[in-house]
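Peer 1: What follows is a predicted structure for the sequence shown.
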Protein chains: 2
Amino acid sequence: MPDTPIGFIGLGIMGMSMARNLMKAGFPVVAWNRTPAKAQALAAEGAAAAGSPREVAQACPIIITMVTDSPDVEAVALGPGGVIEGIQPDAVHIDMSTISPTTTRKIAARLKEKGAHMLDAPVSGGSWGAQSGTLSIMVGGDEPVFPRCLPVFQGMGQSIVYVGGNGMGQVTKLVNQILVVGTMNAVAEALVFAAKSGADLEKTIDAVKGGAAGSWQLQNLGPRAVKGDFAPGFMVDLQQKDLRIILGVAEEMDLPLPATALVHQLYASLQAAGLGQEGTQALVKAHERLAGVEARVKG
Amino acid sequence: MPDTPIGFIGLGIMGMSMARNLMKAGFPVVAWNRTPAKAQALAAEGAAAAGSPREVAQACPIIITMVTDSPDVEAVALGPGGVIEGIQPDAVHIDMSTISPTTTRKIAARLKEKGAHMLDAPVSGGSWGAQSGTLSIMVGGDEPVFPRCLPVFQGMGQSIVYVGGNGMGQVTKLVNQILVVGTMNAVAEALVFAAKSGADLEKTIDAVKGGAAGSWQLQNLGPRAVKGDFAPGFMVDLQQKDLRIILGVAEEMDLPLPATALVHQLYASLQAAGLGQEGTQALVKAHERLAGVEARVKG
């Protein structure tokens, strides 16, 4: 299986690390990126650089896309010079971007007309997870091709779960993001309450994190926030992109998500303050502004 | 140390289990409850039943209270026939109820006039934790008496943390509850989104619980909710009592807690529907009503 050439389209912070991990796992990688410099950088490490998504698809039975948003995936998959122009019958397009389930289903239908398959396989775990190859991967789409793609997923991630038909990987990822932002907001409200009450913030986190209040967000991002470390594991601007998708899908379904919508507004206040490039834990700063208090330890 | 008689005031669902665990750990227990039948039930298992909180305090160098709300603690501590009338110099009143930090500090100041000490030691872990002796206990108050009370705490709980001066145990517990309700709300919004998207709810929880979306609430209460199990680990009515304390303290401090306040309103809608005795995971039902969808698996 590591002889199969894998196409990789989209070499951003996430994609570059994921493509490197595939190469480490022994897969030949054929890469394309909108900005060619990044594909050239990967070529210097042993990848082949293609001239277009079409060329990637011509060369590879499995083509991965890892770009930003629904229109970007649509452009590289269905646009001029896109994957659809080169894809072989029975080949698989795996889209690992986080995009709208509706767009995913549209692309899958078009690829099916060519006799090709699609998996939507968005990831969780941020740039840390991409680098270390410990991403969680939520896979939806044509189940019969999942086993053949599993070794590829295993080169990039740790927890790999097949969840259902086309679009269900994206649904699962959006569910993941609803949980992430709601839980992060609980952490932020808790920390400003603790700070304004004069509590020792690190002791407070330690006292509650092991019980019913515990979460990945509290355990991992709480201590960073109170130490003033707002470096991005996952950026506010990207979280906002995911929240726009979630709230768009929710609107299509007539589904109110009051706290999720609130957090979207609070993150917008951070973007207004020029903090869109900080990590999602900067949500604490939005509550600090509301509260007139800093939730920060010394040193 | 297990020879020290421990006073126990308040034998509700939580208090009864905690008192029993102290007896199992070898402590003689002197009990009082507003409804005498419960103290008599515990007496049948070997406890001594006292006639008033004053009598409990006269008999015991350590007196625990586990009642519902700030006025209840104030009544048994400072009211007629209360702990303060019987407490010995250097004795310790440990209040394990969840109440206002302001009330706690008032009681501590009054006990100090008698040469006695106070610890505020609210718990987390619900009735399951009380029964199994695995409560998390957050202790504030007079630090020099903490070591002498530690074996008593160890009889009832697993994670026992001293967090600061009088009232800081309560602050930590309120922080805990802000986290609990905000995280539970994220779980509820995520589950209705998943349900309305046609996802397999159990698979969805399994796919996301191990990563950045993970939490105690998702892991423990998510599966109960989707199976239609709304039996209380912790009741909506009691959660609302804690949220009233949180929002009251926040108002005293001019602290906006927008999501916490929202969840308080959603729980109020459950109380309006007669569901106040269900477990906190019934928050999912509040979102189901908003969304016009049931987040429930078959069977």
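Peer 2: Nice, I can see it. Numbering: from 1, shown residues only, chains lettered A, B, ... in the order given.

Peer 1: what kind of secondary structure is A:Val30 in?
Peer 2: strand (DSSP: H, G, I helix; E, B strand; the rest coil).

Peer 1: Wait, it touches A:Ala47, no?
Peer 2: Yes. A contact is recorded between A:Val30 and A:Ala47 when judged using CB atoms under 8 Å, the distance being 7.0 Å. C-beta coordinates here come from the backbone N, C-alpha and C atoms, glycine included.

Peer 1: so what's in contact with those two at the same time?
Peer 2: Here A:Val30 and A:Ala47 share the contacting residues A:Phe8, scored by CB atoms under 8 Å, 6 or more residues apart in numbering or on different chains.

Peer 1: Quick one: the strands in the stretch 151-299 of chain A, in order.
Peer 2: Using DSSP state E, counting those that start in this stretch, the strands of the stretch 151-299 of chain A run over residues A:157-164.

Peer 1: got the residue ranges for the strands in the stretch 1-150 of chain A?
Peer 2: A:6-9, A:29-32, A:48-49, A:62-65, A:92-95, A:117-120, A:123-124, A:135-141.

Peer 1: got JSON lines for the ones you listed, with mean pLDDT, mean neighbour count and distance to B:Ser70 too?
Peer 2: Below are the strands of the stretch 1-150 of chain A laid out as JSON lines (pLDDT from 0 to 100; neighbours: other CB atoms under 10 Å in any protein chain shown; distance: least, CB to CB, whole Å):
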{"stretch": "strand A:6-9", "mean pLDDT": "98", "mean neighbour count": "30", "distance to B:Ser70": "60"}
{"stretch": "strand A:29-32", "mean pLDDT": "98", "mean neighbour count": "26", "distance to B:Ser70": "64"}
{"stretch": "strand A:48-49", "mean pLDDT": "97", "mean neighbour count": "18", "distance to B:Ser70": "69"}
{"stretch": "strand A:62-65", "mean pLDDT": "98", "mean neighbour count": "26", "distance to B:Ser70": "57"}
{"stretch": "strand A:92-95", "mean pLDDT": "98", "mean neighbour count": "27", "distance to B:Ser70": "55"}
{"stretch": "strand A:117-120", "mean pLDDT": "98", "mean neighbour count": "28", "distance to B:Ser70": "52"}
{"stretch": "strand A:123-124", "mean pLDDT": "92", "mean neighbour count": "26", "distance to B:Ser70": "42"}
{"stretch": "strand A:135-141", "mean pLDDT": "95", "mean neighbour count": "28", "distance to B:Ser70": "43"}
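
Peer 1: right, and these - which one's nearest A:Gln239?
Peer 2: Between A:Gln239 and the strands of the stretch 1-150 of chain A, the shortest gap by CB to CB is with strand A:123-124, which sits at 12.1 Å.

Peer 1: Just confirm yes or no for that closest one near chain B.
Peer 2: Yes. Looking at strand A:123-124 against chain B by CB under 8 Å from any CB of the partner chain, the contacts come from A:Ser124.

Peer 1: by contact count, what packs against that strand?
Peer 2: For strand A:123-124, the contact count by 3 or more CB pairs under 8 Å, 6 or more residues apart in numbering or on different chains; DSSP states H and E identifies strand A:135-141, helix A:168-196 as packing neighbours.

Peer 1: Please work out which residues outside it touch it.
Peer 2: Around strand A:123-124, the neighbours that count as contacts under CB under 8 Å, 6+ apart are A:14, A:96, A:98, A:129-130, A:135-138, A:156-157, A:173, A:176, A:180, B:208, B:211-213.

Peer 1: Now the buried members of those residues.
Peer 2: With burial judged by 16 or more other CB atoms under 10 Å in any protein chain shown, the buried subset of the contacts of strand A:123-124 is A:14, A:96, A:98, A:129-130, A:135-138, A:156-157, A:173, A:176, A:180, B:208, B:211-213.

Peer 1: and A:Arg224, how many neighbours does it have?
Peer 2: When neighbours are defined as other CB atoms under 10 Å in any protein chain shown, A:Arg224 has 16 of them.

Peer 1: tell me the pLDDT at the closest residue to it other than its chain neighbours?
Peer 2: If you skip the residues right next to it in sequence, A:Arg224 has A:Gln281 as its closest partner in space, 5.4 Å away by CB to CB, 6 or more residues apart in numbering or on different chains. The confidence metric pLDDT takes the value 98 at A:Gln281.

Peer 1: A:Leu221 versus A:Gln281, what's the distance?
Peer 2: A:Gln281 sits 4 Å away from A:Leu221 when distances are taken as CB to CB, to the nearest Å.

Peer 1: Which neighbours do the two have in common?
Peer 2: Taking CB under 8 Å, 6+ apart as the contact rule, A:Gln281 and A:Leu221 both touch A:184, A:233.

Peer 1: Once you drop chain neighbours, what's closest to A:Met235?
Peer 2: Counting by CB to CB, 6+ apart, A:Met235 lies nearest to A:Gln277, which is 5.8 Å off, once chain neighbours are set aside.

Peer 1: shouldn't the one you found be in contact with A:Leu238?
Peer 2: No. Taking CB under 8 Å as the contact criterion, A:Gln277 and A:Leu238 are not neighbours in contact, 9.8 Å apart.

Peer 1: what about those two, which has more around it?
Peer 2: The neighbour count for A:Gln277 versus A:Leu238, taken as other CB under 10 Å, is higher for A:Leu238 (20 against 15).

Peer 1: For that one, give me its contacts.
Peer 2: For A:Leu238, the contacting residues are A:Thr68, by CB under 8 Å, 6+ apart.

Peer 1: How many residues are close by A:Glu278?
Peer 2: Using other CB under 10 Å, A:Glu278 has 20 other residues around it.

Peer 1: Touching, it and A:Phe234? I think so.
Peer 2: No. Using CB under 8 Å as the test, A:Glu278 is too far from A:Phe234 to be in contact (10.3 Å).

Peer 1: Near the closest residue to A:Val163 other than its chain neighbours, how many residues? Count them for me, please.
Peer 2: Spatially, and ignoring its direct neighbours in sequence, A:Val163 is nearest to A:Thr172 (4.9 Å; CB to CB, 6+ apart). Here the number of neighbours of A:Thr172 (other CB under 10 Å) works out to 33.

Peer 1: what sits against A:Thr172?
Peer 2: Each residue near A:Thr172 by CB under 8 Å, 6+ apart is listed here: A:122, A:138, A:140, A:161, A:163, B:194, B:199, B:204, B:207-208.

Peer 1: Show the backbone phi and psi for A:Pro28.
Peer 2: In this entry, A:Pro28 is assigned phi and psi values of phi -70, psi 130 (degrees, to the nearest 10).

Peer 1: Which positions in stretch A:89-109 come out as buried?
Peer 2: Neighbour-count burial for stretch A:89-109, counted by 16+ other CB under 10 Å, picks out A:91-101, A:103-108.

Peer 1: got any ranges where chain A has weak pLDDT?
Peer 2: For chain A, applying pLDDT under 70 flags the ranges A:1-2, A:299.

Peer 1: Let me know the outermost residue of it.
Peer 2: Most distant from the centre of chain A: A:Gly198, at 36.5 Å, with distances by CA atoms, centre = their mean.

Peer 1: Would you mind writing the CA trace of stretch A:49-66 as PDB?
Peer 2: The C-alpha atoms that make up stretch A:49-66 are tabulated as PDB, following Å, rounded to 0.1, in the frame of the first residue of the first chain:
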ATOM      1  CA  ALA A  49       5.000  18.700  -7.800                       C
ATOM      2  CA  ALA A  50       2.100  18.700 -10.200                       C
ATOM      3  CA  GLY A  51       0.900  21.600 -12.400                       C
ATOM      4  CA  SER A  52      -2.800  21.500 -11.500                       C
ATOM      5  CA  PRO A  53      -5.300  19.500  -9.400                       C
ATOM      6  CA  ARG A  54      -6.200  17.800 -12.800                       C
ATOM      7  CA  GLU A  55      -2.600  16.500 -13.100                       C
ATOM      8  CA  VAL A  56      -2.600  15.300  -9.400                       C
ATOM      9  CA  ALA A  57      -5.800  13.300 -10.200                       C
ATOM     10  CA  GLN A  58      -4.300  11.800 -13.400                       C
ATOM     11  CA  ALA A  59      -1.300  10.500 -11.400                       C
ATOM     12  CA  CYS A  60      -3.000   9.200  -8.200                       C
ATOM     13  CA  PRO A  61      -5.700   6.700  -7.300                       C
ATOM     14  CA  ILE A  62      -6.200   8.600  -4.000                       C
ATOM     15  CA  ILE A  63      -6.400  12.400  -4.000                       C
ATOM     16  CA  ILE A  64      -6.500  14.400  -0.700                       C
ATOM     17  CA  THR A  65      -7.700  18.000  -0.500                       C
ATOM     18  CA  MET A  66      -7.000  20.100   2.500                       C
END
